[in-house]
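> My questions concern the predicted model and sequence given below.
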Amino acid sequence: MSATEQQPTPAAPPAEALPAPSVEATDAANTTATTATTATPDVPDAPEAPAAPAATEATVTTDAKEPAVESTPIAQLWALAKATGHPEIWGVTLADPEAHVPTRIILQKYLNANDADLAKAKDQLTKTLEWRAKTKPLELVTKAFSKAKFDGMGYVTKYLQEGSTEPESKEVFTWNIYGGVKSIDDTFGNLEEFLEWRVALMELALQQLDISSATKPITADDDPYKMFQVHDYKSISFLRQSPHVKSASAETIKVFAQNYPELLKEKFFVNVPAIMGFVYTFMKLFVAAKTIKKFHPMSNGGNLAVEFGESKVSALGEKLPANYGGKGSELGEQGKGPVLE
Ligand code: HEM
């Protein structure tokens with residue numbers, strides 16, 4: 001991917017103007033939580049795990065009378081998932097990963113997100129399953145959200161390479177048009193409601209990624225089941241950083257880092273005025289280095305389309321809406337978002 005980072009001009013951040021303070025992990029959809037020592041404590045250890053012995057248990061034996069049976073990290077994660085009881089992750093009904101590739105892919109992502117540290121992967125998987133049991137993200141996909149608060153703010157788009165069914169030949173985008181917010185206080189003021197809407201958008205994107213129909217496992221280095229994300233900050237007033245924005249972004253980043261690991265391909269922050277470069281500089285303090293490499297701030301959203309020249313979907317950039325440099329229809333026409341009423 002040939003993304004060109006345009007670093008906004010950094011400036012000294014006035015502490016009170018910074019969004020999302022105290023965030024240890026990165027957004028979501030995404031990623032590996034950082035272990036940066038700069039993190040402050042109110043966002044607990046996203047995928048960090050409590051000390052546990054399992055990291056050394058790459059193999060374990062079962063009944064002493066039986067011949068030693070190797071239990072792989074994937075098998076151990078599967079055993080854990082079964083014991084936890086919640087039946088699905090990202091809409092995939094979990095089943096024995098020996099026979100069920102989609103489950104194997106998801107469990108492998110938890111290992112990848114934790115650099116193969118099994119104890120940490122187990123901890124993150126447990127937390128995800130508990131969170132899904134409590135939050136019921138699949139129900140949020142059909143829930144109707146307030147049109148007044150969320151209209152025009154989030155879309156999912158999908159682009160396919162004609163004639164190919166390979167996962168590499170499909171690109172899924174989530175678009176967060178935070179610049180389109182009508183009232184920051186209304187949209188971000190009810191944190192639970194905002195988070196539900198944001199989760200609904202993410203689950204819609206996961207449906208398009210369609211891990212359920214995967215037939216080829218992923219590895220630590222080769223995983224096509226990831227998506228692009230775009231934040232568009234066009235026209236937003238940056239003059240006053242609302243405390244609602246701070247808490248909404250902090251909580252979203254935390255929840256997503258915990259529950260949607262290894263789903264981000266690249267993330268673009270477009271139409272970021274140069275004067276707001278400090279926000280980006282600040283946010284990076286709380287994001288894992290591995291994830292920062294995937295971030296691309298751009299002052300002009302119209303340049304977005306040229307970033308996708310290496311995609312297996314040919315002429316991908318042209319398929320984007322015109323305001324992002326493509327020739328495609330507007331997001332409102334080609335994209336799909338959470339249900340609104
Ligand atoms: C008032 C303006 C802003 C609003 C409403 C806003 C909103 C948000 C929200 C809700 C998130 C949570 C993650 C998500 O939804 O995917 C987020 C994350 C983030 N925002 Fe903003 N933001 C604003 C300004 C900015 C600016 C000016 C920048 C500079 C580039 C920026 C960079 C970031 C970064 C780097 C993240 C972390 C993303 C991640 O970890 O994946 N934000 N923002």
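Noted; the coordinates are in hand. Residues are numbered from 1 along each chain as shown.

> Write out the residues of the stretch 201-341 of the chain neighbouring the ligand.
Taking CB under 6 Å from any ligand atom as the measure of proximity, the stretch 201-341 of the chain contacts the ligand at 231, 233, 236, 238, 245, 248-249, 252-253, 267, 269, 272, 276, 279-280, 283, 287, 295, 297. Heads up, the C-betas are built off the backbone N, CA and C, glycines and all.

> 8 Å - rerun?
229, 231, 233, 236-238, 241-242, 245, 248-250, 252-253, 256-257, 264, 267, 269, 272-273, 276-277, 279-280, 283-284, 286-287, 291, 295, 297 (CB under 8 Å from any ligand atom).

> after the helix or strand that contains A119, next one along is what?
Using DSSP states H and E, A119 maps to helix 118-135. Note on helix 118-135: by DSSP H and E, the next helix or strand toward the C-terminus is helix 137-140.

> what about stretch 135-146, how long is it end to end?
19 Å (CA to CA, to the nearest Å).

> would you say E171 is within a strand?
Yes. Counting by DSSP: H, G, I helix; E, B strand; the rest coil, E171 is found in a strand.

> Out of the residues of the stretch 201-341 of the chain next to the ligand, which end up buried?
Buried by 16 or more other CB atoms under 10 Å: 229, 231, 233, 236, 241-242, 245, 248-250, 252-253, 256-257, 264, 267, 269, 272, 276-277, 279-280, 283-284, 286-287, 291, 295, 297, out of those.

> for the stretch 151-300 of the chain, what spans make up the strands?
Taking DSSP state E, counting those that start in this stretch as the criterion, the stretch 151-300 of the chain carries its strands at 154-160, 170-176, 227-232, 264-270, 295-298.

> how big is the angle separating the first one from strand 227-232?
An angle of 140 degrees separates the directions of strand 154-160 and strand 227-232 when computed by axes from the mean of the first three to the mean of the last three CA atoms, to 10 degrees.

> can you pull the buried residues of strand 154-160?
Buried residues in strand 154-160, counted by 16+ other CB under 10 Å: G154, Y155, V156, T157, K158, Y159.

> do stretch 320-328 as well
Neighbour-count burial for stretch 320-328 [16+ other CB under 10 Å]: L320, P321, N323, Y324, G325, G326, G328.

> Could you report the pLDDT at the second one?
At P321, the pLDDT value in this model is 98.

> I'd say it and L304 touch.
No. Counting by CB atoms under 8 Å, P321 does not reach L304; the two are 9.4 Å apart.

> related to what we said a few turns ago, could you list which of the residues of the stretch 201-341 of the chain next to the ligand belong to helices?
Among those, the members found in helices (DSSP state H) are 245, 248-250, 252-253, 256-257, 277, 279-280, 283-284, 291.

> Tell me the one of the residues you listed nearest W90?
Within those, the smallest distance to W90 is 12.3 Å, found for F256 (CB to CB).

> can I get the CA coordinates of the helix or strand of the chain with the lowest mean pLDDT in CSV?
Least confident helix or strand of the chain, by mean pLDDT, DSSP states H and E, is helix 277-284 with a mean of 78. Taking C-alpha atoms only, helix 277-284 is exported to CSV below (Å, rounded to 0.1, in the frame of the first residue of the first chain):
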residue,chain,number,x,y,z
GLY,A,277,-1.9,18.4,13.8
PHE,A,278,-1.4,18.5,17.6
VAL,A,279,-4.4,16.2,18.0
TYR,A,280,-2.8,13.6,15.8
THR,A,281,0.5,14.0,17.6
PHE,A,282,-1.2,13.5,20.9
MET,A,283,-3.3,10.6,19.9
LYS,A,284,-0.2,8.7,18.7
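
> circling back: what would the buried residues of stretch 320-328 look like in JSON lines with distance to I211?
Output for those, formatted as JSON lines (distance: CB to CB, whole Å):
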{"residue": "L320", "distance to I211": "24"}
{"residue": "P321", "distance to I211": "27"}
{"residue": "N323", "distance to I211": "30"}
{"residue": "Y324", "distance to I211": "26"}
{"residue": "G325", "distance to I211": "30"}
{"residue": "G326", "distance to I211": "27"}
{"residue": "G328", "distance to I211": "25"}
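
> would you turn those residues into a markdown table with secondary structure?
Output for the buried residues of stretch 320-328, formatted as a markdown table (three-state DSSP):
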| residue | secondary structure |
| --- | --- |
| L320 | coil |
| P321 | strand |
| N323 | helix |
| Y324 | helix |
| G325 | coil |
| G326 | coil |
| G328 | strand |
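
> Out of the residues you listed, the closest to the ligand would be?
Comparing those against the ligand with CB to the nearest ligand atom picks out Y324 as the nearest, at 16.2 Å.

> In TSV, list the buried residues of strand 154-160 along with distance to the ligand and pLDDT.
Formatted as TSV, those follow (distance: CB to the nearest ligand atom, whole Å; pLDDT from 0 to 100):
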residue	distance to the ligand	pLDDT
G154	9	98
Y155	13	98
V156	13	98
T157	16	98
K158	18	98
Y159	20	98
